[in-house]
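In: Have a look at this prediction, sequence included:
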Amino acid sequence: MGIRIKDANDLKVRDDVFDEITLLSLYKLVHKKWLSVLGGSISTGKEANVFYGERDGVPIAIKIYRIRTANFTTMSSYIVGDRRFSHVKKAKKELIFAWTRKEFSNLARAREAGVAVPEPFVWDRNILIMSFMGEGETPWPQIRNAHLPDPADTYARIISDIDTLYNKAELVHADLSEFNILYGDQPYLIDMGQSVTRDHPRALPFLMRDIKNINRFFKNRCETRDEVEVFNAVTGLNVAEP
């Protein structure tokens, strides 16, 4: 495809990643000069693999959603109820294409609102290209594996990000935990394919779950705020439990 494979020995992935649809999408992205180098795997998640790449010498991250083995049922629960994707067909392939576009859109909205997230560059079918979060070719660690010089400050920043997401980007992350936050010079939220708009029927329960996950992680690292207090401060509501 006219793409250079970097560290080919490290490019060991499951057979279900580079299927015909994915190779066609990669070809289009290479042809449009969105990437020039494909490197080894950075991470393997439940639904996608992320690879290191380069565009004219600049590091990028290439996220590929697995069409054959992605969890159709789980994805559907986040797509259904999102007015932006009400027209999406129930076919698995179409759902995954919509999911990729959804993550691109969510990252763009979050970034525009001022939340520290990867910058989305382009998407095609089941592939999303975004800025690389790391130093050199090494990705920043998840906060669960990172040394946090000031846990209280990191906690406050993440709670602030939850607030900004909700009130400025009008989004709820919906899967926020120590697995979906990288730590470099500050915390960066990642994996926003499942993020929903505030008018999603399950937005408030998702928001409370995010807050509980963050409190659970930080409770032995710094003083945390009451979960309901945070929820009410973010939403402007006055409830005991959503």
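Out: Here it is on my side, so go on.
In: Quick check: phi and psi on the residue nearest to D124 when sequence neighbours are not counted?
Out: The spatially closest residue to D124, leaving aside those adjacent along the chain, is S25, at 4.5 Å (Cβ to Cβ, 6 or more residues apart in numbering). (Each C-beta comes from the backbone N, C-alpha and C, glycine too.) With angles defined as degrees, to the nearest 10, S25 sits at phi -60, psi -40.
In: Is the residue nearest the centre of the chain in a helix, a strand, or coil?
Out: In the chain, the centroid-proximal residue (Cα atoms, centre = their mean) is D191; its distance is 1.4 Å. When classified by DSSP: H, G, I helix; E, B strand; the rest coil, D191 comes out as coil.
In: And L38, by the same measure?
Out: At L38 the chain is in strand, as set by three-state DSSP.
In: Could you do V115 as well?
Out: coil.
In: Report how many residues lie close to it.
Out: Counted with other Cβ atoms under 10 Å, the neighbours of V115 add up to 22.
In: That one contacts T164, doesn't it?
Out: Yes. Assessed by Cβ atoms under 8 Å, V115 is found in contact with T164 at 5.3 Å.
In: Show me the common contact partners of the two, please.
Out: By Cβ atoms under 8 Å, 6 or more residues apart in numbering, V115 and T164 have no common neighbours.
In: quick one: pLDDT of the residue nearest to D124?
Out: At S25, the pLDDT value in this model is 89.
In: go on, V50?
Out: V50 is assigned a predicted lDDT (pLDDT) of 93.
In: Let me see the contact set for it.
Out: S41, I42, S43, T44, A61, I62, K63, I64.
In: which among those gets closest to A146?
Out: The nearest member of the contacts of V50 to A146, counting by Cβ to Cβ, is S43 at 14.6 Å.
In: Quick check: bridge partners of the closest one?
Out: V50 (DSSP bridges).
In: Use 724 as the first number for this chain going forward.
Out: OK, 724 is where the count begins now, so the last one is S766.
In: I'd say it and P862 touch.
Out: Yes. Using Cβ under 8 Å, S766 is in contact with P862, at 7.3 Å.
In: Among the two, which residue is more densely surrounded?
Out: Neighbours per residue (other Cβ under 10 Å) separate S766 from P862, with P862 holding more: 19 against 15.
In: residues in contact with the more buried one?
Out: Per Cβ under 8 Å, 6+ apart, neighbours of P862: I765, S766, Y775, A784, F855, M856, L905.
In: Just the buried residues of these.
Out: Among the contacts of P862, the ones that count as buried by 16 or more other Cβ atoms under 10 Å are I765, Y775, A784, F855, M856, L905.
In: looking at it, the last one is touching D914, isn't it?
Out: No. In this structure, L905 is not within contact of D914 by Cβ under 8 Å, at 9.9 Å.
In: what sits against P874?
Out: The contact partners of P874, by Cβ under 8 Å, 6+ apart, come to F941, R944, C945.
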